[in-house]
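Q: Provided below are the primary sequence and the corresponding predicted coordinates.
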Amino acid sequence: MARILVVEDDVQLRENIQEQLELDTHEVRAAANGRQALELLPSFVPDLIVCDVVMPEMDGIEFIRVLKNSLDYRSIPFIFLTAKATQQDMINGLEEGAFDYLFKPFLRRELILKVNNITRQQADRSRYQPREVKEESGFQFITQFNTQLSQQFGNASLTAEKMAEALNMSRSAFQRSLVTFFGKNFSEIVKEYRLQKATTYLVQSDQSIQWIADRCGFSSLSYFSVCFKKATQTSPLSFRLKARQNLNS
């Protein structure tokens, strides 16, 4: 399964492509033009982009130019969709970094084969990387990430972008590493870590609940209470009282 972004202004075609790719077990997001696609990228970094050439607001050529100038997204392969293209149009697209073309109307089988061939090549490059290199890079990433997290978890404005910058990584590479080595996204990992630290403070200190919420990077006491109760099925104060009763019994 691959993560695929479909960018197409024709609603019916866009929905049809999304449906076909999802039936082939891919995770798909869709946008009506390049501008909307750019808004999606921070929360959905795809393995492949299937993109129309002619679209309103931001067309495919302008969109690919923006991405190829970005450290975060320049390595994402493109398949361009076009109703008609001269040889020069195709050359222009390939010069901008397009991987392949699909000419409308195209067969479902053609779409699936091209998508799967490209995403399989990407997976194979990763799979056949020497095991010792993978293990070493994974260990380094986990160590560096945990070090940064232990130093910055109390910063309520900590973001994936800031953490990636601290690790000298692009956002997309950072997100992929989190999923590979932790199996979770950035917000999930940070929230779990903050709640673990909060639990320690509740049991081992006499600091107020407000102080603990602030110290652990929660933006407000109410948000901390909601997150804590969702994770433990009890309020921070009740958790503290019960923990101390157990220690004294």
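A: Sure thing, it's come through.
Q: for the protein, which segments count as strands?
A: 3-7, 27-31, 48-52, 78-82, 100-103 (DSSP state E).
Q: domain assignment for the protein?
A: 3-127, 131-187, 190-248 (automatic domain parsing).
Q: tabulate those domains (JSON lines), appending mean neighbour count and mean pLDDT.
A: The C-beta positions use only the backbone N, C-alpha and C, and glycine is treated the same way. Output for those, formatted as JSON lines (neighbours: other Cβ atoms under 10 Å; pLDDT from 0 to 100):
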{"stretch": "domain 3-127", "mean neighbour count": "17", "mean pLDDT": "84"}
{"stretch": "domain 131-187", "mean neighbour count": "15", "mean pLDDT": "83"}
{"stretch": "domain 190-248", "mean neighbour count": "15", "mean pLDDT": "91"}
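Q: what's the first-to-last distance across stretch 209-221?
A: 8 Å (Cα to Cα, to the nearest Å).
Q: can you list contacts of that stretch?
A: The contact list for stretch 209-221 (Cβ atoms under 8 Å, 6 or more residues apart in numbering) reads 153-156, 158, 190, 194-195, 197-198, 201-202, 205, 207, 223-225, 227, 236-237.
Q: try it again at 7 Å.
A: 153-156, 158, 194, 197-198, 201-202, 224, 227, 236-237 (Cβ atoms under 7 Å, 6 or more residues apart in numbering).
Q: now the two most distant members of the residues you listed.
A: The most widely separated members of those, counting by Cβ to Cβ, are Leu158 and Leu237 (25.9 Å).
Q: please list all residues in contact with the closest residue to Ser75 other than its chain neighbours.
A: Distances taken as Cβ to Cβ, 6 or more residues apart in numbering put Ser172 closest to Ser75, at 7.6 Å, once the chain neighbours are dropped. Going by Cβ under 7 Å, 6+ apart, Ser172 touches Val45, Asp72, Tyr73.
Q: between the residues you listed, which is nearest Ala166?
A: For these, the nearest to Ala166 is Asp72 (15.2 Å; Cβ to Cβ).
Q: can you show me the helices along the protein?
A: 11-23, 34-40, 60-68, 87-96, 108-127, 131-152, 160-166, 171-182, 186-204, 209-215, 221-232, 236-248 (DSSP state H).
Q: now those helices as JSON lines including distance to Pro77?
A: Shown next, in JSON lines, are those (distance: least, Cβ to Cβ, whole Å):
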{"stretch": "helix 11-23", "distance to Pro77": "15"}
{"stretch": "helix 34-40", "distance to Pro77": "15"}
{"stretch": "helix 60-68", "distance to Pro77": "10"}
{"stretch": "helix 87-96", "distance to Pro77": "12"}
{"stretch": "helix 108-127", "distance to Pro77": "5"}
{"stretch": "helix 131-152", "distance to Pro77": "22"}
{"stretch": "helix 160-166", "distance to Pro77": "21"}
{"stretch": "helix 171-182", "distance to Pro77": "13"}
{"stretch": "helix 186-204", "distance to Pro77": "24"}
{"stretch": "helix 209-215", "distance to Pro77": "44"}
{"stretch": "helix 221-232", "distance to Pro77": "38"}
{"stretch": "helix 236-248", "distance to Pro77": "47"}
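Q: out of those helices, nearest to Arg3?
A: helix 108-127 (8.9 Å).
Q: now the angle between helix 171-182 and that closest one, please.
A: 70 degrees (axes from the mean of the first three to the mean of the last three Cα atoms, to 10 degrees).
Q: start at 16 instead
A: That works, and once the first residue is 16, the last one we named lands at helix 123-142.
Q: which residues touch helix 123-142?
A: Counting by Cβ under 7 Å, 6+ apart, 17, 19, 32, 35-36, 39, 62-63, 92, 94, 114-115, 117 sit against helix 123-142.
Q: ok, Tyr116 to Arg44 distance?
A: According to Cβ to Cβ, to the nearest Å, Tyr116 stands 22 Å off from Arg44.
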